[in-house]
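Colleague: with the input below, show me the fold.
(chains A and B)
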Amino acid sequence: MNTSEILQAIASGERSAREVCDQALAHIEAGDGAINAFTATTARRARAEADAVDARRARGEALPPLAGLPYAVKNLFDVAGLTTLAGSRINRELPAAHEDALLVQRLQAAGAVLVGALNMDEYAYGFTTENTHYGATRNPHDRTRIAGGSSGGSGAAVAARQVPLTLGSDTNGSIRVPASLCGAWGLKPTFGRLSRRGTYPFVHSLDHLGPIADSVQGLALAYDAMQGPDPLDPGCHALRVQAAMPDLQQGTGGLRIGVLGGYFREHASAPARAAVDLAARTLGARDEVLWPDAALARAAAFIVTASEGASLHLPDLRRRPQDFEPLSVERFISGLLQPADWYLRAQRFRRAYRDQVNALFQHWDLLLAPATPISAPAVGTEWIEINGVSHPCRPAMGLLTQPISFAGCPVVAAPLWPEATGGMPIGVQLIAAPWNEALCLRAARALEQAGTARMKQ
Amino acid sequence: MKEQHILAYVQAAAPTLGLELDAQRAAAVAQHFGRTLAMARLLEQAPLAPELELAEIYRAAPFPGAQESA
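Modeller: Model prediction:
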């Protein structure tokens, strides 16, 4: 059952929230050995939350928008009673969180039922979820391939239909990359839209949180439920809720939609370009648009990420580097050694870059680009080739997402299934100006209704 | 910048942060540093006017509202 069917069945009384919850837990128990999306399940809590929904219905109360919907969160979200691992071995030594992350509190208030915590790259520094401590998360469509990262468990759990909704984080692409490689819907909101309070940070200047879901409705419902100001998160700039659900069915008529060329075509394989072309045809987009300074933005994002990400872990990198993820420990150390000039230059560039990007959106409402250069490679792949040029596989997965998140624009990653990928998906980014998530979601809904973008049955 | 210069920088700079690197780790760090150096070189080519400030600027406190005195 998908999000819509689950919510309708519970609302109508056809199924209890407890039944749905138990079915999700059983599905995870039976199948996760092969996928490795979960690092913990929260069965007792989930049953209590589901029973609370059923009790409300029995009392004849109006149900909240996500009543009874099972979901899970990347294990960098605080969950009361669980230690916030953030994909690391070191964090196992921390005490359990004493309260939920704010977004988990908001989903609970909306009636959603938390069933567990999900695997990720250590401290979110990666695009592949090849986690040495907890094992690689496998792509549900081909278990020899990666699920993407760093929210790999979040993408795989939705794609494997273990849960219809997950939460992830996206600093440079960590929601959009697993959504693309697993064939699920992902939303990276505007930078500063959703509170990050109660999550383990990676890069304060760039961290975003958002949902991955089995449908556009699921994305929009979760997104709306999580919105709201948070004066206690200095990175939360939203001052009020701007609900997306009311406009979801408005279609894309009258919108100025373009296709990103240049950098975004040069760094995309033929199937990735084909996926964008298919989405463009469905949405009636014909014009090619040049995004300003994409390569420079990626370079700046790379530098900011390395400096800030590494700085958070200096004490542990001094004392116990052997306890870090072998695939990223040397990147962390390299980040610590970067000259201050690089970091400052990157942050100054970001201000000018933001102005250029916002100026572009004076002429366009929505822009399309691939989410990943290729479909999911095999676990352990070191190098990939894109249009005849070799790239180190792990960082290259973020080539097309980093320039967009560095500007802070909202993006929906829509799952498409182009030919010549061996049946694997590639996501298409639907990009709008800051604070215009509703446009991304409207276009996503149009692609979903046309059957162009979809979850695999 | 040549590879041996990058490695020498890594080996010299790491102790200033209290990081101990064996030869194998220093070489691996230098490889990553070299990749980032290429990106930094690219970024250096972007013209940045002196008045262009950092993306995020410190704010001492929210500016007082109309009903408040500073």
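
Colleague: who touches the residue in the stretch 1-150 of chain A positioned nearest to chain B in this structure?
Modeller: When scored by CB to the nearest CB, the stretch 1-150 of chain A has A:Tyr125 as its residue closest to chain B, at 11.5 Å. No exception for glycine: its C-beta is placed from N, CA and C like everyone else's. The contact partners of A:Tyr125, by CB atoms under 8 Å, 6 or more residues apart in numbering or on different chains, come to A:150, A:202, A:305, A:309, A:325, A:328, A:331-332.

Colleague: farthest pair in those?
Modeller: Greatest spatial distance among those (CB to CB): A:Thr305 and A:Glu325, at 15.3 Å.

Colleague: who's more crowded, the two?
Modeller: Each of A:Thr305 and A:Glu325 had its neighbours counted (other CB atoms under 10 Å in any protein chain shown), and the higher figure belongs to A:Thr305 (25 against 22).

Colleague: any idea whether the more buried one is helix, strand or coil?
Modeller: With DSSP: H, G, I helix; E, B strand; the rest coil as the basis, A:Thr305 sits in helix.

Colleague: once you drop chain neighbours, what's closest to it?
Modeller: Leaving out its chain neighbours, the residue that sits closest to A:Thr305 by CB to CB, 6 or more residues apart in numbering or on different chains is A:Val203, at 5.1 Å.

Colleague: repeat for A:Arg442
Modeller: A:Gln250 (5.4 Å).

Colleague: show me what contacts the residue lying closest to A:Met1 once chain neighbours are set aside?
Modeller: Of all residues not flanking A:Met1 in the chain, A:Ala9 sits nearest, at 6.9 Å (CB to CB, 6+ apart). Counting by CB under 8 Å, 6+ apart, A:Ala9 touches A:1, A:15, A:20.

Colleague: which strands and helices sit next to the strand or helix carrying the last one?
Modeller: Pointing back at A:Val20 there. Assigned by DSSP states H and E, A:Val20 belongs to helix A:17-35. Secondary-structure packing of helix A:17-35 (3 or more CB pairs under 8 Å, 6 or more residues apart in numbering or on different chains; DSSP states H and E): helix A:3-12, strand A:38-41, helix A:43-58, strand A:70-74, strand A:113-118, helix A:152-159.

Colleague: now with 10 Å?
Modeller: Secondary-structure packing of helix A:17-35 (3 or more CB pairs under 10 Å, 6 or more residues apart in numbering or on different chains; DSSP states H and E): helix A:3-12, strand A:38-41, helix A:43-58, strand A:70-74, strand A:113-118, strand A:138-139, helix A:152-159.

Colleague: which SS class is B:Ala55?
Modeller: Each residue gets one of three states, and B:Ala55 gets coil by three-state DSSP.

Colleague: also A:Val428?
Modeller: A:Val428 is classified as strand under three-state DSSP.

Colleague: surely B:Ala27 is within a helix?
Modeller: Yes: B:Ala27: assigned to a helix according to three-state DSSP.

Colleague: with adjacent residues omitted, what lies nearest to it?
Modeller: Spatial nearest neighbour of B:Ala27, excluding adjacent residues (CB to CB, 6+ apart): B:Leu7 at 6.6 Å.

Colleague: and the gap between the one you found and A:Leu314?
Modeller: 21 Å (CB to CB, to the nearest Å).

Colleague: and what of A:Gln338?
Modeller: Distance of A:Gln338 to A:Leu314, given as CB to CB: 13 Å.

Colleague: and these two? Which one has more around it.
Modeller: Using other CB under 10 Å as the criterion, A:Gln338 and A:Leu314 rank with A:Gln338 on top: 21 against 16.

Colleague: for the nearest residue to A:Met424 once chain neighbours are set aside, give me its contacts.
Modeller: Spatially, and ignoring its direct neighbours in sequence, A:Met424 is nearest to A:Ser375 (3.8 Å; CB to CB, 6+ apart). Counting by CB atoms under 10 Å, 6 or more residues apart in numbering or on different chains, A:Ser375 touches A:139, A:141-142, A:145, A:180-181, A:183, A:269, A:271-272, A:275, A:417-418, A:420-427.

Colleague: the longest helix along chain A close to chain B?
Modeller: Taking DSSP state H as the criterion, chain A has its longest helix at helix A:340-360. Yes: judged by CB under 10 Å from any CB of the partner chain, helix A:340-360 and chain B are in contact via A:341-355.

Colleague: pull the distance from the very next helix or strand once past that helix to the chain's centre.
Modeller: Of the helices and strands lying after helix A:340-360 in sequence (DSSP H and E), the nearest is strand A:366-370. In terms of CA atoms, centre = their mean, to the nearest Å, the centre of strand A:366-370 is found 17 Å from the chain centre.

Colleague: next one: stretch A:415-425
Modeller: Averaged C-alpha coordinates place stretch A:415-425 at 20 Å from its chain's average position (CA atoms, centre = their mean).

Colleague: just the buried positions in that stretch, please.
Modeller: A:415-418, A:421, A:424-425 (16 or more other CB atoms under 10 Å in any protein chain shown).

Colleague: first-to-last residue distance for it?
Modeller: 6 Å (CA to CA, to the nearest Å).

Colleague: give the rounded mean pLDDT of it.
Modeller: Mean pLDDT, stretch A:415-425: 97.

Colleague: check stretch A:364-376 too.
Modeller: 98.

Colleague: out of the contacts of A:Ser375, list just those in strands.
Modeller: A:139, A:142, A:145, A:426-427 (DSSP state E).

Colleague: where does the residue nearest to A:Met424 land in three-state SS?
Modeller: In three-state terms, and counting by three-state DSSP, A:Ser375 is coil.

Colleague: straight-line length of stretch A:180-191, end to end?
Modeller: 20 Å.

Colleague: what separates it from the chain centre, distance-wise?
Modeller: Distance, centroid of stretch A:180-191 to centroid of chain: 5 Å (CA atoms, centre = their mean).

Colleague: quick check: buried residues in it?
Modeller: Buried residues in stretch A:180-191 (16+ other CB under 10 Å): A:180-191.

Colleague: and stretch A:40-60, by the same measure?
Modeller: Buried-residue list, stretch A:40-60, by 16+ other CB under 10 Å: A:40-43, A:45-47, A:49-50, A:52-54, A:56-57.

Colleague: same deal with stretch A:123-132?
Modeller: So for stretch A:123-132, counting by 16+ other CB under 10 Å, buried means A:123-131.

Colleague: re earlier: backbone phi and psi for the residue nearest to A:Met424, please?
Modeller: Dihedral pair for A:Ser375: phi -80, psi 180, per degrees, to the nearest 10.

Colleague: how distant is the helix holding A:Val20 from the center of its chain?
Modeller: Counting by CA atoms, centre = their mean, helix A:17-35 comes out at 22 Å from the chain centroid.
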